[in-house]
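Student: Compute the structure for the input listed below.
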Amino acid sequence: MATTQGLSSIGISVKVNDVEMNYVQEISDIGGAPSELDATCMKDSMKHYVPGVQDTQAYEITYLFDNADASSDYRKLKALQDARNVVPVAVTLPDGTVFASTGYVSTYVVGAKVDELITAMLVVMLQSDWTVTNPA
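Tutor: Here you go, the predicted model:
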């Protein structure tokens, strides 16, 4: 089978605990670079670095705000925030690749302007590294 040159964002699925998010508009980076630890010695004529702790930052998801009923993304995510538990988060790409981690969640309404949809932000304070499940 030939590889695909590029992959569209159409069909990305985000699930937080048991909440399959319906109106995701944007996701942040999955993963992160390690910090650089300076290993330069007096005899070196150039700086040397070794990798340190991976800095993945908080994982952010922008979604359309809706609080009309109990099944809305905002209401379900707010309940997870209020429970203050570490929950799983999974991002499935259109080719079947699944990135999974765990973290504490927080959600809030993003400021709005005239002629603009109201959005909300989900922030996941990651508590584990991302795992990758490759497509079959």
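Student: tell me, what residue is most central in the chain?
Tutor: residue 59 (3.7 Å; C-alpha atoms, centre = their mean).
Student: what pLDDT does it get?
Tutor: For residue 59, the model assigns a pLDDT of 95.
Student: any idea which element the nearest residue to residue 102 once chain neighbours are set aside lies in?
Tutor: Leaving aside its chain neighbours, residue 102 sits nearest to residue 128 (4.7 Å; criterion: C-beta to C-beta, 6 or more residues apart in numbering). All C-beta atoms are positioned from the backbone trio N, CA, C, and that covers glycine. Counting by DSSP states H and E, no helix or strand carries residue 128.
Student: Isn't residue 128 up against residue 101?
Tutor: Yes. If you go by C-beta atoms under 8 Å, residue 128 and residue 101 touch, sitting 5.3 Å apart.
Student: higher neighbour count, those two?
Tutor: Set residue 128 next to residue 101 and count neighbours by other C-beta atoms under 10 Å: residue 101 wins out with 19 against 13.
Student: Can you classify the more buried one by secondary structure?
Tutor: The local conformation at residue 101, judged by DSSP: H, G, I helix; E, B strand; the rest coil, is strand.
Student: need the contact list for it.
Tutor: By C-beta atoms under 8 Å, 6 or more residues apart in numbering, the residues touching residue 101 are 59, 88-89, 124, 126-131.
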